[in-house]
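Trainee: let's see this in three dimensions:
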Amino acid sequence: MAETPRPGPSAAAFIPEVKHTVAVSSGKGGVGKSTVAVNLALALKQKGHAVGLVDVDVDVPLMMGTKGRPAMFDNKILPIEAHGIKIMSIGLLVDAREALVWRGPMIHSAVQQFLRDVNWGPLDYLVFDMPPGTGDAQLSLSQVIPLGGVVMVTTPQEVALLDVRKALAMFRKLNVPILGIVENMSYFLAPDTGARYAIFGEGGGDRVAEEFGVPLLTRIPLEMETRKGGDTGVPIVVGQPSSAQAAAFLALASNVIERLDAVSALKLPTIG
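Mentor: I've put the predicted structure just below:
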């Protein structure tokens, strides 16, 4: 049975026009977390919602094909728009070749600015691409971002599952609802024969989902076009909307909406 998530902290104090916030996180790098965050945001947009994307990493500008720095209007930062998504990224504020060595408090301050000083306007969903890991930056961000829930990204192999377990435990300690698990690079379909290969093993996402009592939200196949889309700024959901990968991301968006609605519907009991 999947756990019943508890409501996250209200976003009203920071971003009152945003209805739902969701983080995409991972215990380690290299599992495709930013690819999932970008395509989840675009899938939510394809379902007719107003969507924003906050990149606390630096990969999103390349993956979304955005260039230039955000403008200012009326003492507010205007987010960059790409593929119908409003975007703010640390990567838009630093040189592409600059080494980004930021400790938790520095990222904490930047994200506060992204929340308070950016003119997001009315949004149905604001997606946060979190930095990988479980260090001070992740702890700081989880406390400052008013999260409605978190999506955890892993690959099937055990080395990734070890790290995602740590991340799941961290979010539970912080009382952030865990919406579920995404098993990325779940399998590879050979384009010439259609044969299916479990390159990174099988069943890892199911095991960690069962262990923590949360749903497996989707399995995303490993496919070259997904990588190409990220490199060229045309993600797979936009570039090849009829592909198996796009279908997996659209299924993820539907499941995230369902889980976030379940969180919002719950009310904490009052005493006295």
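
Trainee: after the strand or helix carrying His20, which helix or strand is next?
Mentor: Assessed by DSSP states H and E, His20 sits inside strand 18-26. Going down the chain from strand 18-26, the next helix or strand is helix 33-46, by DSSP H and E.

Trainee: would you confirm that Glu158 contacts Gly205?
Mentor: No. With contact defined as C-beta atoms under 8 Å, Glu158 does not reach Gly205; the gap is 12.0 Å. Where C-beta positions appear, they are placed from N, C-alpha and C, glycine not excepted.

Trainee: more neighbours: the two, which one.
Mentor: The neighbour comparison of Glu158 against Gly205 (other C-beta atoms under 10 Å) goes to Gly205, with 27 against 11.

Trainee: Leu42 versus that one, what's the distance?
Mentor: Using C-beta to C-beta, to the nearest Å, we find Gly205 at a distance of 22 Å from Leu42.

Trainee: A helix includes Val214, no?
Mentor: No. Under the criterion used here (DSSP: H, G, I helix; E, B strand; the rest coil), Val214 is coil, not part of a helix.

Trainee: state the pLDDT value of it.
Mentor: For Val214, the pLDDT comes out at 93.

Trainee: also Met1?
Mentor: Reported pLDDT for Met1: 47.

Trainee: next one: Leu42
Mentor: Value listed for Leu42 in the pLDDT field: 97.

Trainee: same check, this time on Gln157
Mentor: At Gln157, the model reports a pLDDT of 80.

Trainee: one more: Thr270?
Mentor: pLDDT, Thr270: 41.

Trainee: ok, Ser34 next?
Mentor: Looking at Ser34, its pLDDT is 91.

Trainee: list the contacts of it.
Mentor: Val24, Asp55, Asp57, Asp59, Val60, Met63, Asp129, Gly230 (C-beta atoms under 8 Å, 6 or more residues apart in numbering).

Trainee: try it again with 6 Å
Mentor: By C-beta atoms under 6 Å, 6 or more residues apart in numbering, the contact list for Ser34 reads Asp57, Asp59, Asp129.
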